[in-house]
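> Sharing a model that was predicted from the sequence below.
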Amino acid sequence: MNRAHRAACCAVGALAPAAAAAAGMHDALQPAGPQAGHVHALWLLLLGVCTLVYILVVGALLIGVARARRGDERAPADVASLAQDEPRLRQSVGAAIGISIALLAVLFGATVVTDRALARLPLDGALHIKLTGHQWWWEASYDDPMVSNIFSTANELHIPVGRPVLLTLEASDVIHSVWFPDLAGKKDLIPGRTATLALRADQPGLYRGQCAEFCGYQHAKMVLYVVAEPAAQYEQWAAHSRASAPPPANDETRRGQQVFMQSTCAMCHAISGTIANGQQAPDLTHVASRQTIGAGTLPNTPSALAAWIIDPQLAKPGANMPPNGLPPADLQALVAYLRTLQ
Amino acid sequence: MTAASPPAAAGPVSRPHRREPAFELRQRYGGWADKPGFLGALSTVDHKRIGRRFIVSAFAFFVLGGILAALMRLQLARPDSALIGPDLYNQLFTTHGTTMMFLFAVPIMQAMAVYIVPLMVGARNIAFPRLAAYAYWIYLFGGVMLYAALVLDVGPDAGWFSYTPLAGPEYGVGKRSDFWAQLITFTEVSGLVVSVQLIVTIFKLRAPGMVLTRIPLLVWTMLVTSFMIIFAMPAVMVASTSLILDRLVGTHFFNPAEGGDALLWQHLFWFFGHPEVYFIFLPGLGFVSTIVGTFARRPVFGYVAIVLSLIATGFFAFGLWVHHMFATNVPELGKSFFTAASMVIAIPTATQIFCWIATLWTGRIVWRTPLLFIVGFFLILVLGGLTGIMLAAVPLDLQIHDTFFVVAHLHYVLIGGAVFPLFGAFYYWFPKFTGRLLDERLGRWNFWLFFIGFNVAFFPMHILGLQGMPRRIYTYAADTGWGPLNLISSLGAFTIALSVLLFIVNVAWSAKRGLQAGRDPWGASTLEWATDSPPPPGNFHPPLAVAGREPLWEEGGIAGRVDGLHDDPPELLVTSLLDATPQHRIVFPTPTIWPLVAAIATTVLFIGSIFTPWAIVWGSIPVAITLIGWFWPSKDETLKHRKVEVKP
Amino acid sequence: MSSTRHLRGTHEAARGAAAPGAPLRIVAVLLAVLALAACEREARRFEPPVGKAITPPPIRMSAIQPAAIDTTTTIAPHYEVNAYALSEGKRLFSWYNCNGCHANGGGDKGPALMDDTWIYGSEPSNIYATIVEGRPNGMPSFGGHIPDNELWELVAYVRSMSGLVPKSAAPSRNDDIQAKKSENRLLPEPPQSSGVPPASERSQ
């Protein structure tokens, strides 16, 4: 099983590194933090033990049937075992059962040890983020004891390397599940309940998470990126995120802002520093600085943004954002304005 | 695997009873024979006829579910595929899962039991035969309703497990989830009814002398499975009814804002859902026991250990359900309990596996297609069981839950643990069902294509899951790197399709041109091989008494015959539960059209209640009328019954 | 990439109708009718049937037109029988804060929407006009702020609040605190008044 795994990984590996780097890391077998690391250790133990058991059991079967004498359905069956005991068989089977029980006990013990390790992630100085799952995007609110420092963003988290992060998980509509394979196991976001997920990234990088509980039409395109960066860089990002959007600098972007406010956008979206305060859709104050638009649906480029605005249903059918038939000049201005929202 | 040498037909060549004129059947078999023609087919209470159509229907649903899977694999073969949109894809995977779990896997095991169990215990029919007819029609109508819904764009689209709130009143738009919930109702009724029949048959209709320790292992598995069904199905019944009530009438079972709980659904559903996989798995184990014994030419080693393992599995299966909910915020300590339970349940299964290996090790192997499928079972099921141990560990489960790793695991255990033994069982009992053997060469091709195709299709999914691919996604981006393995998996899926096609070809060809089988082509040991192939109406003329666990192998295994039972009216011998001593004779129900009519009335009630709660009220009137018709005693039959009563 | 399904139901029904025998033909027609009803109710039209315009086309108060018919006025019935459109309308009613004045349909600062009194008319085009143009004494003008497709979804939902849409398509209860009976359990309230607003509500 190990060999097949490696072989398959090699086949994928030729393509994977460049691709994965662009898309974000998403491999449970490449832990980038202690939580995923503990699980990875348990995985290796389970993989080793299970592979061994598989080889032994299947080996016993195949050797047995290869060694056994050939029979004939016309010849009478051997019913001696109905009258006599078969002590050797009984001992062998008994031993096999005993070994199985012992191995299971070891595995259960390892599970308990891993569980405890996971529960003991030190949370001093943790960054608190409230994550709310929506159909089909992620709303993140960075908590802070000073209320004026609280800010909202969507679909992309930045966290400092080496500092624990405590995610508070809620859902606004149906059950979602947040999962960053490189950082931690998953946790469901259930309406009416509040859950928590603790994790820590020990290596900087772009990590890709995806919704892992079927939540409707666009469950497939509900990606959440985590950018783990050194503490100083993170503080810079956080300070910038708290800031309002800059006012438009030229005629085109002014026109674009006008289109945003007067047309359909401000009905659902918010840009801090403007009158747009819609709470139903992702906060766009810093939309131009994100990796993707539409929660991982399209790359964040001007042409993709324009196509998304005109008809999100082409790239993400069923999404809650409607098509907006803007005239081309207005669209161009709007995109130019949105690109200033770094 | 030696060169294919076909087994010799043993015993006299069987006559195809089906093709005998009804008048002659009635002459020879009295009240056991059916009425002639189409009406006779619709009104039959012969468990073999009902069982056969049940098996064929369940297999047809297997093929339909497989076509849906092929469409899904076609869509997932390439990244960003525009073949199938999200709405259709959601309906496809929901209907695939619902079909395989509710319309194929559980019913086909029950269908095989309906046919085989009465023969194996030496009974002349199944208990409550009219109920068997009713159960089949209800099942069929429910399945047809589901596929009609799919064709009409109202197929369920919230997953086969239909979690709330997605399937609830606010987010489950339209009538789609209502059709899902009513399908559950149809298949619940059918499953519960057949379970009751099997339990009563196994307890009270065994051949005299078939004490508990002489009951064949397949019959034990069906007994444990039937009890599990009776205890588990009410949970999903409550769940689906609550869901319809929430959606149609505005109750708040799953509404957290008004005191309900979204997680209540998961508890109710999985309390049923986990045992359900054992409804599917245990009968597969019964097939394995039977085929291993026959083709190793010796009684299976460890009979008592296996029986106790089956019973233990039946109990433990009810203590595992939260392992489907490890990612929710149920208390962590509680989750550990379910980890322990999910690991412990491996022990009874391992016990059985070791006993079978011991049997094969010390037997004299006859290499026929059924045994090939059993070897496939071992190779696939053991791997699936071991990935199950991995999933049982909470920390690891939190990484691989709801990913393609689980898709791989569930198919390894269900296809390896149930479908491979089922195909082995088809090859094993086809001669008994039809009087002809399936072709050995086609059988080997069937097996190898299935085995190779299965592993090519599902093994890569383990890796995909670890690489972050979640379940139930209609497409994925190219830059995730999931494309190549998905393509390989899709190729494997089409190989499986090819192998199933080969099986169908084998069946179609062999039914007309296969080698004549005779009574006992495999030299097997259980009672069904002591009668013609296919068995006549009334199964045994006369019924037999047994004195051993392997009655056709042991000296004096058949202790005698039961004389004095009438054929017209059809009579059975009721025996005691523990020791199978004869207790009294019972007159059995005769063929009637009422079960079909009652099933139609019930169907109208169930489908109507999707649209209005008043359907329950008005729809129960026809149901009551048909039930009255069903139970109304017939004067002729009562007179006949009185004539044969013997007063002590 | 449109997500409308190709439906084979009508084709299957048509084949059945070719078979001999009147009863069989009747059954086939019945099935076709049922099929069409189900298809209309359950279709998920992610691409709007009216196009992607934000600026609404002329609002029509009359069903008759000269020359070729512009389908804007005939589009409303398709929304009213479609479960997805009604459910989207319900979502938008809450998202665009119609509850702020109309309070789940019972009325607060704005008039009740679930009764049989329609100040400005109960026809879909009337309701559409009301939302697009705005009305005296507080109803904002949403024209240009809400895309056309969503406007029609809201219109259909408003109609469902008085039970004027088919029950099988009407939305069910929300996963929220229950404020009223869900739309699929309402008795129809046939509109009693329409046209001229009462004196107290006319603008000066």
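Received, thanks.

> Let me see the contact set for the spatially most central residue of chain B.
Central residue of chain B (Cα atoms, centre = their mean): B:M109, 2.3 Å from the mean position. With contact set as Cβ atoms under 8 Å, 6 or more residues apart in numbering or on different chains, B:M109 has these partners: B:222, B:225, B:279-280, B:283-284, B:418, B:422. Any C-beta I mention is one placed from the backbone N, CA and C, and that applies to glycine too.

> my read is A:L166 is in a strand, agree?
Yes: per DSSP: H, G, I helix; E, B strand; the rest coil, A:L166 lies within a strand segment.

> Run a quick neighbour tally on it.
For A:L166, the count of nearby residues is 17 (other Cβ atoms under 10 Å in any protein chain shown).

> After the top helix by length along chain B, heading C-terminal, what element do we hit next?
The single longest helix within chain B, with elements called by DSSP state H, is helix B:262-295. Using DSSP states H and E, the helix or strand that follows helix B:262-295 towards the C-terminus is helix B:303-316.

> model confidence over the helix or strand just after that following helix, on average?
Proceeding N to C from helix B:303-316, the next assigned helix or strand is helix B:332-344, under DSSP H and E. Mean pLDDT, computed over helix B:332-344, is 95.

> before we move on, back to that, and the residue nearest to the centre of chain B, helix, strand or coil?
Under three-state DSSP, B:M109 falls in the helix class.

> Let me see the confidence value for it.
98.

> and the residue in the stretch 1-150 of chain B positioned nearest to chain A, how many neighbours?
Chain A sits closest to B:P86 of the stretch 1-150 of chain B, with a gap of 4.4 Å, by Cβ to the nearest Cβ. By other Cβ under 10 Å, 25 other residues sit near B:P86.

> Tell me if stretch B:86-102 is near chain C.
Yes: for stretch B:86-102 and chain C, the contact criterion (Cβ under 8 Å from any Cβ of the partner chain) is met by B:86-88.

> Let's test this: mean pLDDT of that stretch, rounded?
For stretch B:86-102, mean pLDDT is 98.

> From C:I75, how far off is C:I69?
Here the criterion is Cβ to Cβ, to the nearest Å. By it, C:I69 lies 11 Å from C:I75.

> out of these two, which sits in the more crowded spot?
Using other Cβ under 10 Å as the criterion, C:I69 and C:I75 rank with C:I75 on top: 19 against 12.

> My guess is the more buried one contacts C:R45. True?
No: with contact defined as Cβ atoms under 8 Å, C:I75 and C:R45 do not form a contacting pair (11.2 Å).

> so who does the closest residue in space to A:M222 that isn't next to it in sequence touch?
Closest residue in space to A:M222, ignoring its immediate chain neighbours: A:C211 at 3.8 Å, by Cβ to Cβ, 6 or more residues apart in numbering or on different chains. A:C211 is in contact with A:133, A:136, A:176-179, A:219, A:222-224, B:470, counting by Cβ under 8 Å, 6+ apart.

> repeat that with 7 Å
A:176-177, A:219, A:222 (Cβ atoms under 7 Å, 6 or more residues apart in numbering or on different chains).

> again, but for A:L183
Listed by Cβ under 7 Å, 6+ apart, the contact partners of A:L183 are A:32-33, A:35-36, A:199, A:201, A:207, A:226.

> now do 10 Å
Applying Cβ atoms under 10 Å, 6 or more residues apart in numbering or on different chains, we find A:L183 in contact with A:25, A:28, A:31-37, A:159, A:165, A:197, A:199-203, A:205, A:207, A:209, A:226, A:228.

> now swap in B:L64 and tell me
Counted by Cβ under 10 Å, 6+ apart, B:L64 has contacts B:95-96, B:99-100, B:103-104, B:143, B:146-147, B:150.

> again, but for A:T292
A:T292 neighbours (Cβ under 10 Å, 6+ apart): A:23-24, A:155-156, A:208, A:221, A:223, A:225, A:298-301, A:304, B:477.

> how much space between it and chain C?
Using Cβ to the nearest Cβ, to the nearest Å, A:T292 is found at 18 Å from chain C.

> ok, what's across the strand from that residue?
Taking DSSP bridges as the rule, A:T292 bridges to A:P299.

> I'd like the distance between it and A:S272.
A:T292 is 21 Å from A:S272, by Cβ to Cβ.

> same deal with B:A77?
B:A77 is 44 Å from A:S272, by Cβ to Cβ.

> Could you do A:V147 as well?
Where A:S272 is concerned, A:V147 sits at a distance of 14 Å (Cβ to Cβ).

> More neighbours: these two, which one.
Per other Cβ under 10 Å, whichever of A:V147 and A:S272 has more neighbours is A:S272, with 17 against 7.

> C:G107 belongs to a strand, doesn't it?
No: counting by three-state DSSP, C:G107 is not found in a strand; it is coil.

> burial count for it?
15.

> so who does it touch?
Here C:G107 is in contact with C:101, C:113-115, C:117 (Cβ under 10 Å, 6+ apart).

> repeat that for 8 Å
Contacts of C:G107 by Cβ under 8 Å, 6+ apart are C:113, C:115.

> what secondary structure does the nearest residue in space to B:G168 that is not next to it in sequence sit in?
Spatial nearest neighbour of B:G168, excluding adjacent residues (Cβ to Cβ, 6+ apart): B:F254 at 5.5 Å. Judged by three-state DSSP, the three-state class of B:F254 is coil.

> Surely B:F254 and B:Q266 touch.
No: applying Cβ under 8 Å as the test, B:F254 and B:Q266 come out as separate, 9.9 Å apart.

> how far out from the middle of the chain is the helix or strand containing A:L44?
Under the criterion of DSSP H and E, A:L44 resides in helix A:34-67. Distance of helix A:34-67 from the chain centroid (Cα atoms, centre = their mean, to the nearest Å) equals 27 Å.

> now check the very next helix or strand once past that helix, is it near chain B?
Tracing the chain C-terminally past helix A:34-67 and defining elements by DSSP H and E, one meets strand A:69-70 next. Yes: counting by Cβ under 8 Å from any Cβ, chain B is contacted by strand A:69-70 at A:69-70.

> ranges for the helices of chain A?
Remark: helices assigned in chain A by DSSP H are A:2-13, A:16-23, A:34-67, A:80-83, A:87-119, A:231-242, A:251-262, A:302-310, A:312-315, A:328-339.

> Out of those, which gets nearest to chain C?
Of all the helices of chain A, it is helix A:312-315 that lies closest to chain C, at 4.6 Å by Cβ to the nearest Cβ.

> State the mean pLDDT of stretch C:148-155.
94.

> Report whether that stretch contacts chain A.
Yes: contact of stretch C:148-155 with chain A (Cβ under 8 Å from any Cβ) involves C:149-150.

> quick one, what contacts the closest residue to A:L157 other than its chain neighbours?
In this structure, A:L157 finds its nearest non-sequential neighbour in A:V226, 4.8 Å apart by Cβ to Cβ, 6+ apart. By Cβ under 8 Å, 6+ apart, A:V226 lies in contact with A:24, A:156-159, A:180, A:183, A:201, A:206-209.

> Recalculate using a threshold of 6 Å.
Residues near A:V226 by Cβ atoms under 6 Å, 6 or more residues apart in numbering or on different chains: A:157, A:180, A:207.

> Mind putting those into JSON lines with pLDDT?
Formatted as JSON lines, these follow (pLDDT from 0 to 100):
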{"residue": "A:L157", "pLDDT": "97"}
{"residue": "A:F180", "pLDDT": "97"}
{"residue": "A:Y207", "pLDDT": "97"}
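
> With neighbour count as new columns, can the residues you listed be given to me in CSV?
CSV is the format used below for the contacts of A:V226 (neighbours: other Cβ atoms under 10 Å in any protein chain shown):
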residue, neighbour count
A:L157, 22
A:F180, 30
A:Y207, 27
